[in-house]
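okay, predicted coordinates and the sequence, questions at the end:
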Amino acid sequence: MTSPTKTNDRRRALRTTLALLCVAAGALTIAPSSALANPPANDDFAHAHDLGGGSTASASGTNLDATAEPGEPDHDGFAAEASVWYRWTAPGDGAIRVNTCSSDFDTVLAVYTGSAIDALTALASNDQACGDQSRVGFTVTGGTTYRIAVDGYGGDQGAIELELLPANPPPNDDFANAHDLAGGSASGTNVDAAAEPGEPGHDGFAAAASVWYRWTAPGDGAVRVNTCGSDFDTVLAVYRGSAIDALTPLTSNDDACDLQSRVRFNAIGGTTYRIAVDGYGGQEGAIELELRPSNAFRFGKLKRNERRGTAKLTIKTSYAGDLKLARTELVKRATASAAGAGKVKLRIEPTRSAMRTLDRRGRVNVDAEVTFTPEGGEPKTKNKRLKLIKR
């Protein structure tokens, strides 16, 4: 017969053996993963891949097994996860474009100056400018070394194709060289355009491929600006101010006419307004910008002369222009001009047929059609039912 003490000793020994086997199995499970991790050579900022000092450069690589570093900044607003680094020294002053458009995963791209990962100055960044890949443009100073980070959105990983090329930005790329909208409309492009230091975000999006226009209001009134004829996803913003880092935003829009933009604002005569057109996520293409007086108006009060059966209809306009009451079966045609934003009164005068109805019934309903045509704008027509009274 086996003693109880020996049985308990055997059980304790068995439990100890099983515990040791579990620990060993866990180690075997963890060890291969660590052993297989093989980060790329330029995983760390200090070991950035050198793109040289030429006017063009390219590199093929990967961010497989890459990691973020302590003190590393967010790239385009996303926490660093699988980033690799490149460095490039500008051979001279000019404009540069960097892209990852041929990479096979969802990239995030950012450009900095600085010599320490926890003390970098951000210059430009992008998430999706060419599909799921990225493109940025920026102005460079000869002799300056620029640091370029390529990361994966949400930690995505894959093969990197990085390309750096000289840019040929449009003349109105810079705020100081804004295109004058004296004619009210303009055709242009934002291809190769870039953000400027101190430039504000437009409609809540970081500036990426913006161009600038300026317009001085000839008088008070409401105006509309749109990019509806452009062939890419635009972002539109209007400002007051004379310096790019000291602008007062007035209005902005991303998608108003499909993927294009439209805004309306009240202009003050003699004031110069600054208009930025950018591409959502850094998109680029042909721009069709149009600025026109707003054709908005609304009906106010109807003041009736009950003895004569006539009335005056108050119209509230947003810009100088002409008002017209269309001829109908019951009222005579009436016109008036609006000297500027404010109130205009149209005279409502019944026809003889309407007067006979007024004499017999004491009242008559008129379906009035009013058209407002702002100076330099398109006509807008509205209908309103009016009640005329005679006693």
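Perfect, I can see it now.

now do the same contact list for Trp212.
Shown in contact with Trp212 (C-beta atoms under 8 Å, 6 or more residues apart in numbering): Asn172, Asp173, Asp174, Phe175, Asn177, Ala178, His179, Arg274, Ile275, Ala276, Val277. (Each C-beta comes from the backbone N, C-alpha and C, glycine too.)

element containing the last one?
Taking DSSP states H and E as the definition, Val277 sits inside strand 272-279.

give the rounded mean pLDDT of the next helix or strand after that strand.
Next in sequence after strand 272-279, counting helices and strands by DSSP H and E, comes strand 286-293. What strand 286-293 shows for mean pLDDT is 95.

run the angle between strand 286-293 and strand 272-279 for me.
150 degrees (axes from the mean of the first three to the mean of the last three C-alpha atoms, to 10 degrees).

next SSE downstream of strand 286-293?
strand 297-305.

what lines up beside that next one in the sheet?
Paired neighbours of strand 297-305 in the sheet (DSSP bridges): strand 310-317 (antiparallel).

can you list contacts of the strand it pairs with?
296-305, 323, 325, 336, 338, 341-350, 368, 370, 372, 374, 384, 386, 388.

for the helix or strand following that strand, packing partners?
Heading C-terminal from strand 310-317, the first helix or strand you meet, by DSSP H and E, is strand 321-325. Judged by 3 or more C-beta pairs under 8 Å, 6 or more residues apart in numbering; DSSP states H and E, the packing partners of strand 321-325 are strand 310-317, strand 334-338, strand 342-348, strand 363-374.

related to what we said a few turns ago, buried set for the strand holding Val277?
The neighbour-count check on strand 272-279 (16 or more other C-beta atoms under 10 Å) flags Tyr273, Arg274, Ile275, Ala276, Val277, Asp278, Gly279 as buried.

residues in contact with Arg308?
Counting by C-beta under 8 Å, 6+ apart, Arg308 touches Lys390.

what separates it from Pro350, distance-wise?
For Arg308, the distance to Pro350 (C-beta to C-beta, to the nearest Å) stands at 9 Å.

and for Thr371?
From Thr371 to Pro350 the distance is 20 Å (C-beta to C-beta).

which one of those two has more residues nearby?
Pro350 (21 against 17; other C-beta atoms under 10 Å).

per-residue confidence at that one?
pLDDT, read off for Pro350, is 90.

am I right that it is in contact with Val331?
Yes. Under the criterion of C-beta atoms under 8 Å, Pro350 makes contact with Val331 at 5.9 Å.

what touches both of the two?
Val366.

so where's the chain shaky on pLDDT?
1-36 (pLDDT under 70).

domain-wise, how is it divided?
45-166, 171-293, 297-389 (automatic domain parsing).

dump those to TSV, plus distance to Pro39.
TSV is the format used below for the domains of the chain (distance: least, C-beta to C-beta, whole Å):
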stretch	distance to Pro39
domain 45-166	5
domain 171-293	28
domain 297-389	61
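
closest one to Asn38 among these?
Closest to Asn38 of the domains of the chain, according to C-beta to C-beta: domain 45-166, at 5.5 Å.

distance from the chain centre to the closest one, please.
Chain-centre distance of domain 45-166: 22 Å, with C-alpha atoms, centre = their mean, to the nearest Å.

stretch 381-390 now?
Relative to its chain's centre, stretch 381-390 lies at 43 Å (C-alpha atoms, centre = their mean).

what of stretch 254-272?
13 Å.

likewise for stretch 300-318?
Taking mean C-alpha positions (C-alpha atoms, centre = their mean), stretch 300-318 and its chain are 44 Å apart.

now Val238, nearest residue through space, not along the chain?
Here the nearest residue to Val238 in space, its sequence neighbours aside, is Leu250; by C-beta to C-beta, 6 or more residues apart in numbering that works out to 4.6 Å.

list the buried residues of the one helix or strand the one you found maps to.
If you go by DSSP H and E, Leu250 is part of strand 248-253. Across strand 248-253, burial judged by 16+ other C-beta under 10 Å covers Pro249, Leu250, Ser252, Asn253.

okay, the residues you listed in a markdown table with distance to Leu164 next?
Listed next are these as a markdown table, based on distance: C-beta to C-beta, whole Å:
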| residue | distance to Leu164 |
| --- | --- |
| Pro249 | 33 |
| Leu250 | 37 |
| Ser252 | 31 |
| Asn253 | 33 |
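
can you tell me which of those is nearest Ile96?
Ser252 (27.6 Å).

now do the residue nearest the centre of the chain against Asp173, distance only.
In the chain, the residue lying closest to the centroid (C-alpha atoms, centre = their mean) is Val235, at 3.4 Å. Distance of Val235 to Asp173, given as C-beta to C-beta: 15 Å.

specify the local secondary structure of the residue nearest to Ala37 when sequence neighbours are not counted.
Once flanking residues are discounted, Ala37 sits nearest to Asp65: 5.1 Å by C-beta to C-beta, 6+ apart. Assigned by DSSP: H, G, I helix; E, B strand; the rest coil, the conformation of Asp65 is coil.

Asp65 and Ser83: what is the separation?
Per C-beta to C-beta, Asp65 is found 12 Å from Ser83.

over to Glu375?
Distance from Glu375 to Ser83, by C-beta to C-beta: 55 Å.

what does Thr381 give?
58 Å.

more crowded one of those two?
Neighbour count, other C-beta under 10 Å: between Thr381 and Ser83, Ser83 has more, with 24 against 12.

give me the phi and psi for the closest residue to Ala267 other than its chain neighbours.
Ranked by C-beta to C-beta, 6+ apart and with sequence neighbours excluded, the top spatial neighbour of Ala267 is Ala217, at 3.7 Å. Torsion angles at Ala217 (phi, psi; degrees, to the nearest 10) stand at phi -70, psi 130.

can you name the residues that contact Ala217?
So, once contact is read as C-beta under 8 Å, 6+ apart, Ala217 ends up touching Val223, Ala267, Ile268, Gly269, Gly270, Thr271, Thr272, Tyr273.

could you rerun that using 10 Å?
Val223, Phe265, Asn266, Ala267, Ile268, Gly269, Gly270, Thr271, Thr272, Tyr273, Leu291, Pro293 (C-beta atoms under 10 Å, 6 or more residues apart in numbering).
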